[in-house]
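Colleague: output the structure for:
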Amino acid sequence: MKGQYGNMMKQVQKMQADMARVEQELTETNIEASAGGGAVKAVVTGKQQIVEIKIDPSVVDPEDVEILEDMVVAAVSEALRQSQELAQSKLAAVTGPLAGGLGGLGLPGF
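Modeller: All right, here's what the predicted structure looks like:
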């Protein structure tokens with residue numbers, strides 16, 4: 001039993017270290033998405049923080065602001081979607097043993 005507990009603690013510590021590493025990677029990773037054929041670009045981190053919006057001046061039409069607004073929303077939405085997908089895949093790689101419940105940790109009775 002003592003050996004199982006020690007092994008479980010090592011697994012938990014490794015997972016914590018891996019989670020911290022992945023969190024840092026996500027903070028440092030930028031995802032870019034665009035809309036309107038590249039007229040509007042949005043950049044977000046792997047932690048879903050918007051870090052930049054770029055708008056091509058040629059698409060700024062004071063008579064039709066709605067199109068620009070729609071392109072900004074589309075670019076930001078796509079960048080956030082990609083960021084969430086990246087975060088889920090990286091975190092799933094770390095928490096894989098937990099995906100099947102606590103039984104993946106080798107705990108008796110789970």
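Colleague: quick check: bridge partners of residue 30?
Modeller: Residue 30 has these beta-bridge partners by DSSP bridges: residue 45.
Colleague: and for it, the neighbour number?
Modeller: 13 (other Cβ atoms under 10 Å). Just so you know, the C-beta spots here come from the backbone N, C-alpha and C atoms, and that holds for glycine as well.
Colleague: list the contacts of it.
Modeller: 43-46, 51 (Cβ atoms under 8 Å, 6 or more residues apart in numbering).
Colleague: now for the lowest-mean-pLDDT helix or strand in the chain, which elements pack on it?
Modeller: In the chain, no helix or strand scores lower on mean pLDDT, DSSP states H and E than helix 2-28, which sits at a mean of 85. Under the contact definition 3 or more Cβ pairs under 8 Å, 6 or more residues apart in numbering; DSSP states H and E, helix 2-28 sits against strand 40-45, helix 65-99.
Colleague: so what's the residue count around the residue nearest to residue 70 when sequence neighbours are not counted?
Modeller: Leaving aside its sequence neighbours, residue 70 sits nearest to residue 35 (Cβ to Cβ, 6 or more residues apart in numbering; 7.9 Å). Other residues near residue 35 come to 21 when the count uses other Cβ under 10 Å.
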